[in-house]
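**Q** one predicted model, sequence on top.
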Amino acid sequence: MIEERLSAIIAANPDLGPLVLRTKLKEALQEYVLEFVYNHPTYRAFLFTGGTCLRLLYGLPRLSEDLDFDVEGRVDAQAFADDIQAYIQRSLHYSNIETQVMGNGTSVSLKFPVLKQLGLVQSSSDSPTLFLRCDLALEQVGLYGDQRTPISTARTMFFVRAYDLPTMFSNKLAAFIGRVYQQAATQTVPFKGRAVFDLVWFLQESQRQNWRLMPNWPRVLALLKARTPKDVLRDAASKAAALKPAEAAVDLRPFIEDQHMLEAFIANLPEVLPAQLTALAHHLP
């Protein structure tokens, strides 16, 4: 079942580059994992978040490779890994899946060794395995809104528990300002291209709604330990001024199907993001 679904995606997308195609294949696997999670009596309480949530529920125009969940209380990551492996083997008739718990129990990697038989391994440097990561973060802040939203697939319909859009906005704004991402053993970069893209999208959505869409400000302030929304937006503007569009493009390339859109985004980023942040600051409640 899984191999046939992935083969059909490859056949339908002959012009996609290999990095984008692999991400697109992961999106098919995401549906199976979400179906498992939100039909499970324990895991259905997980809060769906991150780029995949934004894409599936809110129309974010980029691909996403991982699944992010916030969890209230302790979760046994090994039990989660074992349960999802058993589900895929039993319900999807795919016996070759392997799982690995990483990050001291904060992440589960699902391994699907399908790429060689799909014809996507061209050299010894190409991995034969398609990896899908599920990140499990402890929800510590509170101050969020959530909702149950249906997702329909070719197989079924299920209802995910997800943050509402103002909460997702707050998470993305806080991540843009507060995170430093590891690039190599001794190097860090101050942002991810995906975080920048998502923030621009949120600001565009807010502008489209006449700035009625605002971040969940109490949550932003708690996440960043900041005093006021003005302080937050001042920090965001400072971060935006330090952006290097070429680095953002490298991170984004596997997640944008239309490379012309990517080029336009990168070319306009230095002008658009500061202007959007300034406009948001002018419309603070």
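**A** Looks like it came in fine.

**Q** touching, residue 285 and residue 215? I think so.
**A** No. Between residue 285 and residue 215 there is no contact under Cβ atoms under 8 Å: 10.9 Å. C-betas here are computed from N, CA, C, even on glycine.

**Q** quick check: pLDDT value at residue 46.
**A** The model reports residue 46 with a pLDDT of 98.

**Q** same question, residue 123
**A** Reading off the model, residue 123 has pLDDT 86.

**Q** just checking, residue 151 is part of a strand?
**A** Yes. If the criterion is DSSP: H, G, I helix; E, B strand; the rest coil, then residue 151 is within a strand.

**Q** mind listing the strands for this protein?
**A** 47-49, 67-71, 98-102, 107-112, 130-138, 146-152, 157-163, 181-182, 188-189 (DSSP state E).

**Q** how about those strands in a markdown table, adding distance to residue 267 and mean neighbour count?
**A** Compiled in a markdown table, the strands of the chain are given as follows (distance: least, Cβ to Cβ, whole Å; neighbours: other Cβ atoms under 10 Å):
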| stretch | distance to residue 267 | mean neighbour count |
| --- | --- | --- |
| strand 47-49 | 30 | 22 |
| strand 67-71 | 29 | 22 |
| strand 98-102 | 37 | 15 |
| strand 107-112 | 35 | 20 |
| strand 130-138 | 31 | 18 |
| strand 146-152 | 34 | 13 |
| strand 157-163 | 31 | 19 |
| strand 181-182 | 23 | 12 |
| strand 188-189 | 20 | 14 |
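
**Q** can I get these in TSV including distance to residue 196?
**A** Shown next, in TSV, are the strands of the chain (distance: least, Cβ to Cβ, whole Å):
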stretch	distance to residue 196
strand 47-49	18
strand 67-71	17
strand 98-102	26
strand 107-112	23
strand 130-138	20
strand 146-152	26
strand 157-163	20
strand 181-182	12
strand 188-189	11
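
**Q** pick out the shakiest of these, pLDDT-wise.
**A** Note on those: lowest mean pLDDT is at strand 181-182, with a mean of 43.

**Q** follow-up on the earlier one: residue 285 and residue 215: which is more packed in?
**A** residue 215 (24 against 6; other Cβ atoms under 10 Å).

**Q** against residue 199, how distant is the more buried one?
**A** 10 Å (Cβ to Cβ, to the nearest Å).

**Q** what do the two both touch?
**A** residue 173 (Cβ atoms under 8 Å, 6 or more residues apart in numbering).

**Q** spatially central residue for the chain, please.
**A** residue 51 (2.5 Å; Cα atoms, centre = their mean).

**Q** grab the nearest non-local neighbour of it.
**A** residue 64 (3.7 Å; Cβ to Cβ, 6 or more residues apart in numbering).

**Q** what sits against the one you found?
**A** 23, 27, 30, 50-52, 54-55, 194, 255.

**Q** let's go with 7 Å and repeat that
**A** 50-52, 55, 255 (Cβ atoms under 7 Å, 6 or more residues apart in numbering).

**Q** who is the closest residue to residue 139 other than its chain neighbours paired with across the strands?
**A** Among residues not flanking residue 139 along the chain, residue 70 sits closest, at 4.1 Å (Cβ to Cβ, 6+ apart). In this structure, residue 70 bridges to residue 47, residue 137 when assessed by DSSP bridges.

**Q** ok, now how distant is the closest residue to residue 212 other than its chain neighbours from residue 143?
**A** Of all residues not flanking residue 212 in the chain, residue 206 sits nearest, at 7.5 Å (Cβ to Cβ, 6+ apart). Residue 206 is 19 Å from residue 143, where distance means Cβ to Cβ.

**Q** and the contacts of stretch 221-233?
**A** Contacts for stretch 221-233 (Cβ under 7 Å, 6+ apart): 141, 143, 173-174, 177-178, 217, 220, 277, 280-281, 284.
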